[in-house]
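*Asks:* what would the 3D arrangement of this be:
(one chain, ligands or ions: 3)
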Amino acid sequence: MQDSRDLSRMYEVAESAAQEAGRLLLENLHRQVKVSKKGRIDLVTEMDLAAENLIVEHIRKRFPDHSILAEEKEKSSGSNQAVKWIIDPLDGTTNYAHGYRLFCVSIGVEVDGRIALGVVYDPVNDERFSSIRGSGAFLNDRRLQVSARSDLVDCLVATGFSYEEDAIRRNLEFFSRFMLRTRGIRRDGCAALDLCYVAAGRFDGFWELSLNPWDAAAGALIVEEAGGAITRFNGE
Ligand code: IPD
Ligand code: CA
Ligand code: CA
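*Replies:* Ligands and ions are numbered 1, 2, ... in the order given. You can find the predicted model right below:
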């Protein structure tokens, strides 16, 4: 069990690390950054790694015994296994590599197997989405509430496509069905922000197949705390 003082200390670290990493990404956005391929279309830039190092250093300095799961490199179980930081240092890498200005940093903290807090920072728009479980969800200092629209024909929804060919094909099927039933679909290439946009009522819903824990850890809590529901495809 963590007491609320621990949670607010962790929140402060998550917030400052996300903001610093976000600013670092933004400063380097239009520089020729080194890009390499992890798969056919899956990229990693030198800035994914630089942002991850910055965040991990922040956490290690304050909480040397915590466990960390970060997308690119850091996968360490600390002596305190009850607390795990789940980090996407740059969500929206393809956007970033192409100079498309939509990307963010996502940091979630799991305590005893449940996400306890999350911060998603978009440095381009200087928007910080955050939540501590039980205390609501916020965009900077404004409290968030999901949209009340329930009729699909009035809804703007979002989706994303993972890098796996099979998942892409399967999602195209859902894509065409939603396209015919909703007001529109957006595919922004940044799952953590897609979730936060649901929390903010900008999107009425979001779905994706094959997300990784670091894509959704913070964003899913932010949606729930804004009054939204998170489910698997079977509705559970
Ligand atoms: C990706 C983005 C994208 C989503 C993919 C993710 P990355 O994360 O969030 O929108 O569709 O599933 O892997 O690679 O930019 O961190
Ligand atoms: Ca991601
Ligand atoms: Ca990433």
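
*Asks:* the lengthiest strand in the chain: which residues count as buried?
*Replies:* In the chain, taking DSSP state E as the definition, the longest strand is strand 80-91. Buried residues in strand 80-91, defined by neighbour count with 16 or more other CB atoms under 10 Å: 83, 84, 85, 86, 87, 88, 89, 90, 91. (C-beta placed from N, C-alpha, C; glycine too.)

*Asks:* list the contacts for the residue minimising distance to the centre of the chain?
*Replies:* The geometric centre of the chain, computed from its C-alpha atoms, lies nearest to residue 192 (CA atoms, centre = their mean), at 2.7 Å. Contacts for residue 192 (CB atoms under 8 Å, 6 or more residues apart in numbering) come out as 88, 91, 104, 106, 120, 215, 216, 218, 219.

*Asks:* mind doing that once more with 10 Å?
*Replies:* Residues near residue 192 by CB atoms under 10 Å, 6 or more residues apart in numbering: 88, 91-92, 103-108, 118, 120-122, 129, 211, 214-220, 222.

*Asks:* what do you get for residue 148?
*Replies:* Neighbouring residues of residue 148 by CB under 10 Å, 6+ apart: 201, 204, 227.

*Asks:* most neighbours among these, please name it.
*Replies:* Sorting the contacts of residue 148 by how many neighbours each has (other CB atoms under 10 Å) puts residue 204 first, at 22 neighbours.

*Asks:* which of the three states applies to residue 118?
*Replies:* Three-state assignment for residue 118 (DSSP: H, G, I helix; E, B strand; the rest coil): strand.

*Asks:* list the contacts of it.
*Replies:* 11, 14, 18, 86, 106-110, 129-133, 137, 192, 195-196, 216-225.

*Asks:* this completes my enquiry, with thanks.
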